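> Return atomic coordinates for the entry below.
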Amino acid sequence: MTPIIREIEDADVPAVIALWHEAGVARPWNDPVTDIAFARRGPHGTVLVAEREGRIVASAMAGEDGHRGWLYYVAVSPGQQGGGLGRRIVEAGEAWLAARGVWKVQLLVRRDNAGVVGFYDHLGYRDTQTVCLQKVIATT
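Have a look, this model is predicted:
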C-alpha cells in the first residue's frame, strides 16, 4: 500500500515520538515534544509523516533559515525499511523546502553511521568537508 505523506497533526505527536525511539534517531538530550512544537510554530518548519494503514511509519522534520534548508529526524520504522520509504520521505522534505524557494538542503549524520551515510550518498547528498560547531545558549 502506498503511504500518504502529509504534515503532522496534533494527534500524531505520540506516534512520531515512538517512531523516533524505535528508529534510533531520538537522543536523550533533545526533548522530542519541544522539537516538534518548535518546528511547527511558524512557516519556516514542519514535520512530515508517512502514514500507511493508519500507522505513522516514517517522518522528516524540515526547516529553512532563509539561506538553506535542513532535514532532521528522518526516520523509517525498522519493519518498513528497505522498500523506498526513506527515499520518499526525504523527497517530500526536499519538495516542502523547494516550494519555499530553498535550493540547498543539508542534514547531519553521525560519523559512525555508515549505513545512513551510504543511503544519503545514493540520494545525491555529499560530504561538505566542513566542521559543525555547536553552542548551547540559555533561553528563558
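> quick one: contacts for the residue nearest in space to the middle of the chain?
Central residue of the chain (CA atoms, centre = their mean): Ala60, 2.7 Å from the mean position. Going by CB atoms under 8 Å, 6 or more residues apart in numbering, Ala60 touches 47-48, 71-75, 89-90, 92-93. Where you see a C-beta, it was placed from the backbone N, CA and C, and this is true even at glycine.
> Just send these back as JSON lines, with distance to Ile5 and secondary structure too.
Output for the contacts of Ala60, formatted as JSON lines (distance: CB to CB, whole Å; DSSP: H, G, I helix; E, B strand; the rest coil):
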{"residue": "Val47", "distance to Ile5": "11", "secondary structure": "strand"}
{"residue": "Leu48", "distance to Ile5": "6", "secondary structure": "strand"}
{"residue": "Leu71", "distance to Ile5": "14", "secondary structure": "strand"}
{"residue": "Tyr72", "distance to Ile5": "16", "secondary structure": "strand"}
{"residue": "Tyr73", "distance to Ile5": "15", "secondary structure": "strand"}
{"residue": "Val74", "distance to Ile5": "13", "secondary structure": "strand"}
{"residue": "Ala75", "distance to Ile5": "13", "secondary structure": "strand"}
{"residue": "Ile89", "distance to Ile5": "7", "secondary structure": "helix"}
{"residue": "Val90", "distance to Ile5": "11", "secondary structure": "helix"}
{"residue": "Ala92", "distance to Ile5": "5", "secondary structure": "helix"}
{"residue": "Gly93", "distance to Ile5": "9", "secondary structure": "helix"}
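> Nearest to Gln134, out of those: which one, please.
For the contacts of Ala60, the minimum distance to Gln134 (CB to CB) is 13.8 Å, reached by Tyr72.
> Buried ones among the contacts of Ala60?
Among the contacts of Ala60, those classed as buried by 16 or more other CB atoms under 10 Å are 47-48, 71-75, 89-90, 92-93.
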